[in-house]
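[1] Need a 3D model of the following:
(chains A, B, C and D)
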There are 2 protein chains.
Amino acid sequence: MPKPGSRLRLVDVAEAAGVSLATASRSLTGRDGVSEEVASRVRQVAASLGYVVNPYARTLAGGASSSVGLVVHQVDDPYFSEIAGGVIQVAGEQGLMVQICHSGRDPHYELRQIRHLIAQRVGVIIIAGSGYDDPRTEAETKAELTAFQNLGGRVAVIGRHALGVDAVLPDNEAGGFALGAHLLSLGHRHLAVAAGTGGLTTVTDRMAGVLRALRSLGLDPSSLPVVHTDFTRDGGCRAAEQILRDHPDTTAIIALNDAMAMGVLSVLRGLKISVPKKMSVVGFDDVSVAADLAPSLTTVRLPMTDMGRMALELALKPPSTRARRRSTGHTLVVRDSTGPPRR
Amino acid sequence: MPKPGSRLRLVDVAEAAGVSLATASRSLTGRDGVSEEVASRVRQVAASLGYVVNPYARTLAGGASSSVGLVVHQVDDPYFSEIAGGVIQVAGEQGLMVQICHSGRDPHYELRQIRHLIAQRVGVIIIAGSGYDDPRTEAETKAELTAFQNLGGRVAVIGRHALGVDAVLPDNEAGGFALGAHLLSLGHRHLAVAAGTGGLTTVTDRMAGVLRALRSLGLDPSSLPVVHTDFTRDGGCRAAEQILRDHPDTTAIIALNDAMAMGVLSVLRGLKISVPKKMSVVGFDDVSVAADLAPSLTTVRLPMTDMGRMALELALKPPSTRARRRSTGHTLVVRDSTGPPRR
DNA sequence: CTGAAAGCGCTAACAC
DNA sequence: GTGTTAGCGCTTTCAG
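    Here you go, the predicted structure:
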């Protein structure tokens, strides 16, 4: 792959503007040390010439690294593609490149990707997706990120709290509570949970909210059936089958994300178990198709696109001594997949 | 954004291997001019040291530009996120960065993005998404891409044929035919089409297939109602409303992509028009949720992820004198949204 | 086949 | 304030 591109260099701009290379550079980077008058003229000339800096030269020379690394579970998972959309928006506004890679929800693979990004000299790393309950798993990642930050790199994460970096935190606990409370207030007393892979903090947090809802009504959380399968549509299928088999009196299934809820619904449909008449189902996230399922899915909406935006904006701010946290808020969206329990 | 990263340089590797900088460079880039013996030793040392080249320095020095620009309509549209997934996979395997940006299906905005990518010195540009019927609209883009290629850049497109570059071409015409033929063979004689924005070649091509199916049965294509609205879920809604109002005897609606089909289904559901009993509906693409809609959607499957892979692989091959074309194939996936017409 | 040296285009000290 | 200059880390002629 050769090196194409416009041949216009900063020297050309400098010449055209009748200033030195340094002055031109300062003008365009917004550094001070130039009179505003000269600076704006240089910017003028650059624009009229259609000049765009060469990011490789700029970065090599010790300037801002213009690229951000984004680690997601998978871009073609709606939850992550919406987050990616937000990150890309902000990056576009700032003229930054986004280097996306997949983690596959495998902590070791994820660590490899992070190291790769660092080796590629990205200036910012954004990691989206659940963390892991096991502190040892997170420790290595945390060490790597800390080292990266000490070298001047910036990091922000979405949906993980144990990394000691700036974080955008979805309202997982509160959303779980809202879901539980909604079902309980409808009169359900035989809930079951299709939970994602054990060990994911997202799963743990959402569960915690559900349990709190139970306790808030004086119910015994320990009697709640919780089935751990993959945090995917397929996992939802298997969880539903198991719940139906082992807990036939269940009247409402809480899937801990929308993908799982889709799996649950599909099994129920296959078995001709009517939703919500015979079984209520809720999801979590409100991915864009949730409203188009039949029945449309009651779920907790998280502002995924905004979360992506917020994360990059956080990372782009001047670093602070202690990690910042931004909570996302959530909205319970009641649709057609929930109703009162069957008689 | 400062410039973090590992401090290990090629000189360090060269020193450790006891060779010169030049030899080390040649060894790692795979250039010849080094004995295979020395080369492999250098690679060995580099690997054991955990050396990774600095892509900024490499690119600046005139080496391979290691980044690929990907232009999609929107990453959070499932059709494009799956394509992006394929591109990212291949890029990951090759150690390339992917810079994604949105075109928003606006030819002028798209051109701006392309120019931006070129200015950012990407080595490869992949453009996914329909082209435009108007030759003038495409001409400017084509000129820009040709200039880019003359400077050594590589380009591949997905789903457009008028750009004179390597292309991955979805089976739009044949897929349209399959959809039309399926419905006709079911006995439908009052079809209507929810077509996307006029002016998109994808729409034109899929339509052509549908019309051919009609003609192949000796039916008059000119009597087919075709409603042009946005190529989105929302467009599908509006198209459905219009079809229902202006052509009440319609028994089957062909939506020219799955997003539109979802809109159509949602209107039908709102009106309690049973699918497929009263109305059959088909889509196009087979995005992953198509199987989860209720009723599940009959559609034409396109291998989106593979299309992304193919496009980047094509672009990474040594350039050929004339543009290459790869056809994708397609599969008609019959599900529950189609059936015989109502009596 | 290997090494020395000249940049790639830009930023950041360092002078003026 | 503005200009001069020395690199950033790598690839690539050009010598040997």
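
[2] can you map out the helices along the stretch 1-150 of chain A?
    With helices called from DSSP state H, counting those that start in this stretch, the stretch 1-150 of chain A shows them at A:10-17, A:21-29, A:36-49, A:55-60, A:78-94, A:107-119, A:135-150.

[3] could you check the angle helix B:78-94 makes with the longest one?
    In other words, helix A:78-94. Put simply, helix A:78-94 runs at 80 degrees to helix B:78-94, going by axes from the mean of the first three to the mean of the last three CA atoms, to 10 degrees.

[4] buried set for helix A:78-94?
    For helix A:78-94, the neighbour count (16 or more other CB atoms under 10 Å in any protein chain shown) marks A:78-92 as buried. The way it works is simple: take the backbone N, C-alpha and C, and place the C-beta from them, glycine included.

[5] Also near DNA strand D: which of these, exactly?
    When the buried residues of helix A:78-94 are checked against DNA strand D using CB under 7 Å from any atom of the strand, none falls in range.

[6] nearest to A:H228, of those residues?
    Taking CB to CB as the measure, A:H228 sits nearest to A:Y79 out of those, at 18.8 Å.

[7] quick one, what contacts the closest residue to that closest one other than its chain neighbours?
    Excluding the flanking residues, the one nearest A:Y79 by CB to CB, 6 or more residues apart in numbering or on different chains is A:D285, at 5.4 Å. With contact set as CB atoms under 8 Å, 6 or more residues apart in numbering or on different chains, A:D285 has these partners: A:79, A:257-258, A:299-302, A:304.

[8] any idea where the strands of the stretch 201-343 of chain A begin and end?
    Ranges of strands in the stretch 201-343 of chain A, per DSSP state E, counting those that start in this stretch, are A:226-228, A:252-255, A:280-282, A:299-301, A:325-327, A:331-333.

[9] Output the ones you listed as CSV; include the columns mean neighbour count and mean pLDDT.
    Formatted as CSV, these follow (neighbours: other CB atoms under 10 Å in any protein chain shown; pLDDT from 0 to 100):
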stretch, mean neighbour count, mean pLDDT
strand A:226-228, 19, 98
strand A:252-255, 30, 98
strand A:280-282, 28, 98
strand A:299-301, 25, 98
strand A:325-327, 13, 95
strand A:331-333, 16, 98
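
[10] Just list whatever residues bridge to A:A156.
    A:I126, A:D166 (DSSP bridges).

[11] Tell me which residue lies farthest from the centre of chain A.
    The centre of chain A is farthest from one residue, A:G18, which by CA atoms, centre = their mean lies 47.2 Å away.

[12] Read off the pLDDT value for that one.
    Reported pLDDT at A:G18 in the predicted model: 92.

[13] And A:P4, by the same measure?
    On pLDDT, A:P4 comes in at 50.

[14] cool, and A:M1?
    Reading off the model, A:M1 has pLDDT 47.

[15] on that earlier part again, wait, which of the strands of the stretch 201-343 of chain A is closest to B:H108?
    Comparing the strands of the stretch 201-343 of chain A under CB to CB, the one sitting nearest is strand A:299-301, at 33.6 Å.

[16] just the helices in the stretch 201-343 of chain A please.
    All helices of the stretch 201-343 of chain A, identified by DSSP H, counting those that start in this stretch, fall at A:201-216, A:233-246, A:258-270, A:304-316.

[17] For those, state which one has the densest average packing.
    Greatest average neighbour count among these goes to helix A:258-270 (a mean of 24), per mean count of other CB atoms under 10 Å in any protein chain shown.

[18] avg pLDDT for that one?
    97.

[19] Dump it to CSV, restricted to CA.
    Output of helix A:258-270 as CSV, limited to C-alpha atoms (Å, rounded to 0.1, in the frame of the first residue of the first chain):
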residue,chain,number,x,y,z
ASP,A,258,-32.4,-7.2,24.8
ALA,A,259,-30.5,-9.8,22.8
MET,A,260,-31.3,-12.4,25.4
ALA,A,261,-34.9,-11.2,25.5
MET,A,262,-35.1,-11.8,21.8
GLY,A,263,-34.0,-15.4,22.3
VAL,A,264,-36.5,-15.8,25.1
LEU,A,265,-39.3,-14.5,22.9
SER,A,266,-38.4,-16.7,20.0
VAL,A,267,-38.5,-19.9,22.2
LEU,A,268,-41.9,-18.8,23.6
ARG,A,269,-43.2,-18.2,20.1
GLY,A,270,-42.0,-21.6,19.0
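
[20] Indicate whether that helix makes contact with chain B.
    Yes: applying CB under 8 Å from any CB of the partner chain, one finds helix A:258-270 touching chain B at A:262, A:265-266, A:269.

[21] To A:R31, which of the helices of the stretch 201-343 of chain A lies closest?
    Among these, the nearest to A:R31 by CB to CB is helix A:304-316 (17.5 Å).

[22] Enumerate every residue touching the residue of the stretch 201-343 of chain A found nearest DNA strand D.
    The nearest approach of the stretch 201-343 of chain A to DNA strand D comes at A:P319, 21.6 Å away (CB to the nearest atom of the strand). Counting by CB under 8 Å, 6+ apart, A:P319 makes contact with A:149, A:154.

[23] So what does it look like in phi/psi?
    Main-chain torsions, A:P319, degrees, to the nearest 10: phi -60, psi 150.

[24] cool, the one 4 residues further on as well?
    Dihedral angles of A:A323 (phi, psi; degrees, to the nearest 10) stand at phi -60, psi 140.

[25] thought it was touching A:A167?
    Yes: with contact defined as CB atoms under 8 Å, A:A323 reaches A:A167; the gap is 6.6 Å.

[26] quick one: which of the two has more around it?
    For A:A323 versus A:A167, the count of surrounding residues by other CB atoms under 10 Å in any protein chain shown is larger for A:A167: 24 against 16.

[27] Low-confidence ranges, chain A, go.
    A:1-6, A:343 (pLDDT under 70).
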